[in-house]
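Colleague: can't give you the sequence, but here's the structure:
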């Protein structure tokens, strides 16, 4: 009897060790996959605050909460099962899905740079706040969740590609972890960003001179912080999109672009101490340039088509400065309150 109990305890211990190793594998896989998708995550965090721009401060967090749950539903209920089915039955399609997502990132990043250079957003930067009723708020959050779906698809596909060698159930658990962690991080950061100026305004009412100065700094600094996040997100989109295209073309048999980048980064790799970082930086810059070039090619193809399609005409009307442009978030988060007043 005692021998059977010892054997059972040994089996339980063995299962515990296996489970612990699996947890380590899942954590490591989630960290690797999440890091690879960082470019899209940054852009997601930069885009979302614009959807609550102009809303009543009391409605900002409820709107972000609705977008958060919509984003999590996108990832877990729609995207995750679809990706697992694809990876189980037609895994050869994943590289093409990844390259399609990479093309989207290149196009979106290049279009942002193009619009910035042409000053398309200058007219809306000082637009007044908009009074939003329940219907308008629902429309805004629905649009934000739709945009999030595209970014979430790319995040999950990148994550899936990074752990493609794992078993199906390990891939599923890793993607669940990635979905939860990234969604919490993104929308936690978004909530902090959109309420930071409110925190600053509150601090300006304190008796302490230090609190007042810090509050004024927060209020005045948030537009610059959001601008930096947007810039980093745009660069990250070009870098990640370009790298996806670079790796994808190599995997499909066209080695020339990948080999050229490898030749350019090799001399830097041998530099003591900083060689690894410099080689990575060269690879990143080359990927970003490739992403911008590919984005320009896609723009040259799509823009003439969008001008004759209903969706393109709708977008043009919004860019002309109507209420729809502000509702769809084509302006940075900005308060009209002046802490010095």
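Modeller: Thanks, I have the structure now. Since the structure is predicted, the reported quantities are computational estimates derived from the model, not experimental observations. Residues are numbered from 1 along each chain as shown.
Colleague: pLDDT of the strand or helix carrying residue 296, averaged?
Modeller: For residue 296, the host element (DSSP states H and E) is helix 275-308. Computed over helix 275-308, the mean pLDDT rounds to 89.
Colleague: same check on stretch 138-154?
Modeller: 82.
Colleague: residues of that stretch that come out buried?
Modeller: Going by neighbour count (16 or more other CB atoms under 10 Å), the buried part of stretch 138-154 is 140-141, 143-145, 147-154. C-beta here means a position set from N, CA and C on the backbone, and glycine is covered the same way.
Colleague: now do stretch 197-209
Modeller: 197-198, 200-201, 203-204.
Colleague: looking at those, spot the one nearest residue 308.
Modeller: residue 197 (41.6 Å; CB to CB).
Colleague: now do the helix or strand harbouring the closest one: distance to the chain's middle.
Modeller: Using DSSP H and E, residue 197 maps to helix 168-203. From the chain centre to the centre of helix 168-203 is a distance of 11 Å (CA atoms, centre = their mean, to the nearest Å).
Colleague: packing partners of the helix or strand following it?
Modeller: Following helix 168-203 in sequence order, the next helix or strand is helix 209-251 (DSSP H and E). Using 3 or more CB pairs under 8 Å, 6 or more residues apart in numbering; DSSP states H and E, the elements in contact with helix 209-251 are helix 38-47, helix 94-118, helix 168-203, helix 256-269, helix 275-308.
Colleague: relative to helix 275-308, how tilted is helix 209-251?
Modeller: Going by axes from the mean of the first three to the mean of the last three CA atoms, to 10 degrees, helix 209-251 is angled at 80 degrees with respect to helix 275-308.
Colleague: now do helix 209-251, average pLDDT.
Modeller: 83.
Colleague: now do that helix and helix 256-269, the angle between them.
Modeller: Interaxial angle of helix 209-251 relative to helix 256-269 (the same axes, to 10 degrees): 130 degrees.
Colleague: angle of helix 209-251 against helix 94-118?
Modeller: 130 degrees.
Colleague: next one: phi and psi at residue 166?
Modeller: Torsion angles at residue 166 (phi, psi; degrees, to the nearest 10) stand at phi -80, psi 160.
Colleague: number of residues surrounding it?
Modeller: Using other CB atoms under 10 Å, residue 166 has 17 neighbouring residues.
Colleague: using CSV, lay out the helices and strands packed on helix 209-251 together with distance to residue 160.
Modeller: Formatted as CSV, these follow (distance: least, CB to CB, whole Å):
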stretch, distance to residue 160
helix 38-47, 13
helix 94-118, 7
helix 168-203, 6
helix 256-269, 21
helix 275-308, 20
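Colleague: most tightly surrounded among the ones you listed?
Modeller: Comparing the helices and strands packed on helix 209-251 by mean neighbour count (mean count of other CB atoms under 10 Å), helix 38-47 ranks first with a mean of 24.
Colleague: any idea which helix or strand comes after it?
Modeller: Following helix 38-47 toward the C-terminus (DSSP H and E): helix 57-73.
Colleague: let me know the angle separating that next one from helix 168-203.
Modeller: Using the same axes, to 10 degrees: helix 57-73 against helix 168-203 is 170 degrees.
Colleague: just checking, what packs against the helix or strand that helix 57-73 is followed by?
Modeller: Where DSSP H and E defines the elements, the next helix or strand beyond helix 57-73 is helix 80-89. Where contact means 3+ CB pairs under 8 Å, 6+ apart, helix 80-89 is packed against helix 94-118, helix 134-162, helix 168-203.
Colleague: from residue 205, how far out is the residue lying closest to residue 282 once chain neighbours are set aside?
Modeller: Spatial nearest neighbour of residue 282, excluding adjacent residues (CB to CB, 6 or more residues apart in numbering): residue 265 at 4.2 Å. Residue 265 sits 53 Å away from residue 205, going by CB to CB, to the nearest Å.
Colleague: which residues touch residue 275?
Modeller: 268-269 (CB atoms under 8 Å, 6 or more residues apart in numbering).
Colleague: one step back: surely the residue nearest to residue 282 touches residue 285?
Modeller: No. Here residue 265 lies out of contact with residue 285, judged by CB atoms under 8 Å, at a distance of 9.5 Å.
Colleague: what bits of the stretch 51-200 of the chain have low per-residue confidence?
Modeller: 51-55, 120-132 (pLDDT under 70).
Colleague: for the buried residues of stretch 138-154, could you give me JSON lines that also reports distance to residue 167?
Modeller: Formatted as JSON lines, the buried residues of stretch 138-154 follow (distance: CB to CB, whole Å):
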{"residue": "140", "distance to residue 167": "41"}
{"residue": "141", "distance to residue 167": "37"}
{"residue": "143", "distance to residue 167": "38"}
{"residue": "144", "distance to residue 167": "35"}
{"residue": "145", "distance to residue 167": "32"}
{"residue": "147", "distance to residue 167": "33"}
{"residue": "148", "distance to residue 167": "29"}
{"residue": "149", "distance to residue 167": "27"}
{"residue": "150", "distance to residue 167": "29"}
{"residue": "151", "distance to residue 167": "27"}
{"residue": "152", "distance to residue 167": "23"}
{"residue": "153", "distance to residue 167": "23"}
{"residue": "154", "distance to residue 167": "24"}
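Colleague: could the helices and strands packed on helix 80-89 go into TSV alongside distance to residue 59?
Modeller: Shown next, in TSV, are the helices and strands packed on helix 80-89 (distance: least, CB to CB, whole Å):
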stretch	distance to residue 59
helix 94-118	27
helix 134-162	6
helix 168-203	11
